[in-house]
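[1] pasting a predicted model and its sequence here:
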Amino acid sequence: MSTSRLLQEFMELVQIDSVSYAEGAFQHALIHRFQALGLTIIEDDTKGQTGLGANNFVARLKGVEGIEPIFFSSHMDTVSPGQGILPRERDGRIESDQTTILAADDKAGIAIMLELIKRIQEQHIQHGPIEFILTAGEEVGLLGAKAVDMSMLEATYGYVLDNGGPVGGIITTSPSMYRLDVKVIGRAAHAGLEPEKGISAIEVVAQAISQMKLGRIDHETTANIGQIQGGTAMNVVMEQLEFVAEVRSFDHHKCLEQVKMMETLLNEEVTKYGAKLDFQATPLITGYHFEETHPLLVHAKTCLESIGRDARFERSGGGTDANVFNEKGKDVVNVSIGYEEIHTVNEYIPIEEFEQAVNFALELVRQMPSFPSSK
């Protein structure tokens, strides 16, 4: 019965559109659902700052004294195509009609939260304070989480319900990542009549790139130039060239070193040719790492064993709200909740994994120890 209720809740949630920057209606629906379960809502006022369609909010379930508070996190927004989703149950899983995404990323996480509360209340499970933080704009750069005032959360540690794969996966390591926006300005000239009077932006950049180590730098670090544009005509020396690059590393210092190396090489060539450089390095996420002996992971491993699952400690090549929460002083890992093939029209979630994700969350609450936060 509770599994049917979980699936029904999920199917209702995915049919409320909440593509990034248009999360408002979905946020209001969620607040109503949490309030109906007796939780207290604390909403921030960040959408004016972020430009998103909704604020972030925390739903708080009171608990008994003496048990450590815990929080769970999911995000409200989805990628496109995420409008007019029509979910269906087929062959032991929930999927869309394959004209849109399913939005299990991350509405499965939200459905797990709501079902968790209902089972705690129905089973009269003793627990400490539990907080559920719902963020906007995760899919467009973790914008909601970056704007969150962490004083909204009493708990110092928690679990983000936003990772794919069978239940048991725990992201213990995530990289730092920088975006590089680069503009090189040379001087235009007629390419056939007087090319000597020009400064070719593409030649400057080519000389710099030829000295850069890109792709797989080492076992922890990657760098990539993904977009490039410039020039006005075939017969004009290219005056301006712009490109966008990224750098990622599981070692934050290596990430900074790679960014600096790329900037240094560009500066050297710009100086040599007499061009100009506009180099903007924007931090997108800050990496985190937890040892397997950290109490947060020991607790998760114990709870997984209680439902017959082994813990899989994994590294992620990307970032989630967990990166932001860790950067802001919380101890947080992202855990697998079962969905597969996210960001595609083939996205689905096996019903068995969905149910196991709820069982796992329930054990995280039921077996909640009291331990200090220390990375």
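    All right, it came through fine.
[2] and the residue most central in space within the chain, what does it touch?
    In the chain, the centroid-proximal residue (CA atoms, centre = their mean) is residue 320; its distance is 2.1 Å. Residue 320 is in contact with 138, 142, 160, 162-163, 171, 174, 334, counting by CB atoms under 8 Å, 6 or more residues apart in numbering. Where you see a C-beta, it was placed from the backbone N, CA and C, and this is true even at glycine.
[3] try residue 80
    The contact partners of residue 80, taken as CB under 8 Å, 6+ apart, are 19, 101.
[4] what about residue 279, which helix or strand?
    Residue 279 belongs to strand 276-285 when assigned by DSSP states H and E.
[5] dump the contacts of residue 320 to TSV, plus secondary structure, neighbour count and pLDDT.
    Listed next are those as TSV, based on DSSP: H, G, I helix; E, B strand; the rest coil; neighbours: other CB atoms under 10 Å; pLDDT from 0 to 100:
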residue	secondary structure	neighbour count	pLDDT
138	helix	29	97
142	coil	22	97
160	strand	29	98
162	strand	24	98
163	strand	25	97
171	strand	25	98
174	strand	26	96
334	strand	25	98
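[6] from those, pick the one nearest residue 364.
    residue 160 (12.2 Å; CB to CB).
[7] pretty sure the closest one is touching residue 326, no?
    No. When contacts are counted by CB atoms under 8 Å, residue 160 is not listed as touching residue 326 (10.0 Å).
[8] spit out the residues that contact these two alike.
    Taking CB under 8 Å, 6+ apart as the criterion, residue 160 and residue 326 both touch residue 332.
[9] how near is the residue lying closest to residue 336 once chain neighbours are set aside to residue 93?
    With CB to CB, 6 or more residues apart in numbering as the criterion, residue 336 has its nearest non-adjacent residue at 3.3 Å, and that residue is residue 169. Distance, residue 169 to residue 93, by CB to CB, to the nearest Å: 18 Å.
[10] in stretch 117-134, what counts as buried?
    117, 119-120, 127-134 (16 or more other CB atoms under 10 Å).
[11] list the contacts for the closest residue to residue 43 other than its chain neighbours?
    Among residues not flanking residue 43 along the chain, residue 57 sits closest, at 4.1 Å (CB to CB, 6+ apart). Shown in contact with residue 57 (CB under 8 Å, 6+ apart): 27, 30-31, 41-44, 133-134.
[12] thank you kindly, that will do.
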